[in-house]
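Asker: test case, fold it:
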Amino acid sequence: MWDDELLRRTAELAADYLRSLPDRPVKTGMDVTGLRRELVGELPQHGEDPRKVIEHLADVGGRAAVAMAGPRYFGFVIGGAQPAALAADWLTSTWDQNAGLYVAGPAASVVEEAVGEWLLDLFGLPPDCGYGLVTGCQMAHFTCLAAARTAVLERAGWDVVSDGLFGAPEIAVVLGEEAHSTVLSALQYLGLGRRRIHLVDTDEQGRITLESLDAVLERIPESMPLIVNLQAGNVNTGSFDPFASAVERVRRREGAWVHVDGAFGLWAAANPGLRHLLDGVELADSWATDAHKWLNVPYDSGIAIVRDSDVHQRTMSPPHAAYLEYGQERDEVAWVPEFSRRARGFPAYAALRTLGRAGVSDLVGRCCTLAARMAGQLAGAAGVQILNDVVLNQVLVRFTPEDGSDPDEFTREVVHRVQEDGTLWLSGTTWHGMAAMRISVCNWSTTEEDADRSVEAILRCAR
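Answerer: Residues are numbered from 1 along each chain as shown. Got it, this is the predicted structure:
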């Protein structure tokens, strides 16, 4: 029997945490030694009272939690969780559907149909694309690049799904030198390697240069299967590759595949004022993005989109098993690498219905406006330099000390001070050989007051 008191108490503890987010320190309140002392020990011989276990977890976990769902978390392009999306996520756990087959979770399957169709429309991509919901952009890259591997080898006369990579033609993979590490990991998982790629030079904002792309393509034999990765939203600057011109060059190679890393940048398509940044992105063959970034749904929720739905499905579908029931409905297992998996479509469905087209546009636009606001205020302070063109939601900041000492060391020290201060959280990075502070605005609940309060804290720490 379910314990009504346990359910009620759990809801109270969750609500207490959510109410604390606007005011609590963003940094964690416990170190690893304290956590191990509180959480690690011998497994008890006999079971404990579940209410006491949950209260202990809520206490320790709450004190240790980084408030990344709150309005002043500006690290790693991480959004929060919209209220409707979080509520739907609670329902997802309550229903506990295995969203691998339609027959195991009918509503989960049909909800993903709706989510996929809505997102293709928002992004301005062909309505007949294949799509699947995965854990994050890492697995979205894996899914899309697996489809790419299937397609380019098929065009070279090789069936990688049946025969694997042993003896297969070599594939040339082209990436910008500032491609995200998750793309490299996906190539590693797919047997394409991390060190065998061809790198394209990038400019001062992290965009590939067409001259370098031409030179790299010229060195690759015409007959070699080819996959090219482009980027929508550089992880440091937010810049976009020149899609239309780049795709046109790649298309001169018969059978080549273009994949787009659009982890957060693809969401710019939802905002009319930002859509121009993505001109030509619809010409690609596959796209990877995250709903737990700008749609602000709880982890986990990545999205893989493939233009050729037949290739997508052939690549991901498992061998037939006699004990499984297959029908004419959409079986999610045919589109993603997982079989037993969470029904992650429910939170995205709730978020999209709650926001609507205008709400998604506003969410993306507000975050970009706030990033520009913070950049403008910081740029007006002595000894502060903004390193990037703030075209999206990313801001790179560098600090020069008054005493003329090393700006790299001082910038890293300011980042550390800000993290310890707790008013906000952001990360450091190295940009073109320079230490920098990296601000990413991606949360539905961030206000102008949060942005201004954060700038004040950054400048206070720099002083």
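
Asker: buried residues in stretch 27-42?
Answerer: Within stretch 27-42, the residues scored as buried using 16 or more other C-beta atoms under 10 Å are 27-28, 30, 38. C-beta: built from backbone N, CA, C; applies to glycine.

Asker: ranges for the strands of the protein?
Answerer: 130-134, 172-176, 198-200, 226-231, 257-261, 286-290, 302-306, 384-386, 394-399, 427-431, 434-440 (DSSP state E).

Asker: is it possible to get TSV of those strands that adds mean pLDDT, distance to residue 459 and mean neighbour count?
Answerer: Formatted as TSV, the strands of the chain follow (pLDDT from 0 to 100; distance: least, C-beta to C-beta, whole Å; neighbours: other C-beta atoms under 10 Å):
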stretch	mean pLDDT	distance to residue 459	mean neighbour count
strand 130-134	97	40	25
strand 172-176	98	34	24
strand 198-200	98	38	19
strand 226-231	98	31	27
strand 257-261	98	33	27
strand 286-290	98	31	29
strand 302-306	98	36	29
strand 384-386	98	8	18
strand 394-399	98	10	24
strand 427-431	97	17	17
strand 434-440	98	12	23
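
Asker: out of those, which is closest to residue 344?
Answerer: For the strands of the chain, distance to residue 344 was read as C-beta to C-beta. The smallest value, 5.1 Å, belongs to strand 130-134.

Asker: and the closest one with strand 302-306, angle?
Answerer: Strand 130-134 and strand 302-306 are oriented at 160 degrees to each other (axes from the mean of the first three to the mean of the last three C-alpha atoms, to 10 degrees).

Asker: by contact count, what packs against strand 130-134?
Answerer: Identification of packing neighbours for strand 130-134 by 3 or more C-beta pairs under 8 Å, 6 or more residues apart in numbering; DSSP states H and E yields helix 106-123, helix 137-155, strand 302-306, helix 309-316.

Asker: for the strands of the chain, please prepare JSON lines with the additional fields distance to residue 206.
Answerer: Formatted as JSON lines, the strands of the chain follow (distance: least, C-beta to C-beta, whole Å):
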{"stretch": "strand 130-134", "distance to residue 206": "25"}
{"stretch": "strand 172-176", "distance to residue 206": "8"}
{"stretch": "strand 198-200", "distance to residue 206": "11"}
{"stretch": "strand 226-231", "distance to residue 206": "8"}
{"stretch": "strand 257-261", "distance to residue 206": "12"}
{"stretch": "strand 286-290", "distance to residue 206": "18"}
{"stretch": "strand 302-306", "distance to residue 206": "22"}
{"stretch": "strand 384-386", "distance to residue 206": "15"}
{"stretch": "strand 394-399", "distance to residue 206": "10"}
{"stretch": "strand 427-431", "distance to residue 206": "8"}
{"stretch": "strand 434-440", "distance to residue 206": "12"}
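
Asker: which one of the ones you listed lies nearest to residue 157?
Answerer: strand 226-231 (15.1 Å).

Asker: contact partners of that closest one?
Answerer: With contacts defined as C-beta atoms under 8 Å, 6 or more residues apart in numbering, strand 226-231 is touched by 145, 148-149, 152, 171-176, 178-180, 183, 206-208, 217, 220, 240-241, 243, 246-247, 250, 253, 255-261, 265, 281, 284.

Asker: just the buried subset of the residues you listed, please.
Answerer: 145, 148-149, 152, 171-176, 178-180, 183, 206-208, 217, 220, 240-241, 243, 246-247, 250, 253, 256-261, 265, 281, 284.

Asker: what ranges do the helices span in this protein?
Answerer: For the chain, the helices defined by DSSP state H occupy 4-20, 32-39, 50-64, 83-95, 106-123, 137-155, 160-163, 181-189, 210-219, 243-250, 309-316, 345-379, 407-421, 448-462.

Asker: show me what contacts the residue lying closest to residue 70 once chain neighbours are set aside?
Answerer: Using C-beta to C-beta, 6 or more residues apart in numbering and skipping the chain neighbours, the partner closest in space to residue 70 is residue 21 (3.9 Å). Neighbour list for residue 21: 67, 69-71, 445 [criterion: C-beta under 8 Å, 6+ apart].

Asker: let me know the closest of those residues to residue 129.
Answerer: Looking across the contacts of residue 21 and measuring by C-beta to C-beta, the closest to residue 129 is residue 69, at 30.7 Å.

Asker: so how far is residue 224 from the closest one?
Answerer: 46 Å (C-beta to C-beta, to the nearest Å).

Asker: again, but for residue 104
Answerer: In terms of C-beta to C-beta, residue 104 sits 42 Å off from residue 224.

Asker: more neighbours, those two?
Answerer: residue 104 (19 against 14; other C-beta atoms under 10 Å).

Asker: can I assume that one is in contact with residue 98?
Answerer: Yes - here residue 104 reaches residue 98: they are 4.5 Å apart, a contact under C-beta atoms under 8 Å.

Asker: I'd guessed residue 282 sits against residue 129; true?
Answerer: No - with contact defined as C-beta under 8 Å, residue 282 does not count as touching residue 129 (10.1 Å).

Asker: who has more neighbours out of those two?
Answerer: Using other C-beta under 10 Å, the more surrounded residue of residue 282 and residue 129 is residue 129, with 21 against 17.

Asker: contacts only, for that one.
Answerer: Taking C-beta under 8 Å, 6+ apart, one finds 120, 305-307, 309 in contact with residue 129.

Asker: ok, now residue 427?
Answerer: Per C-beta under 8 Å, 6+ apart, neighbours of residue 427: 75-76, 415, 437-438.
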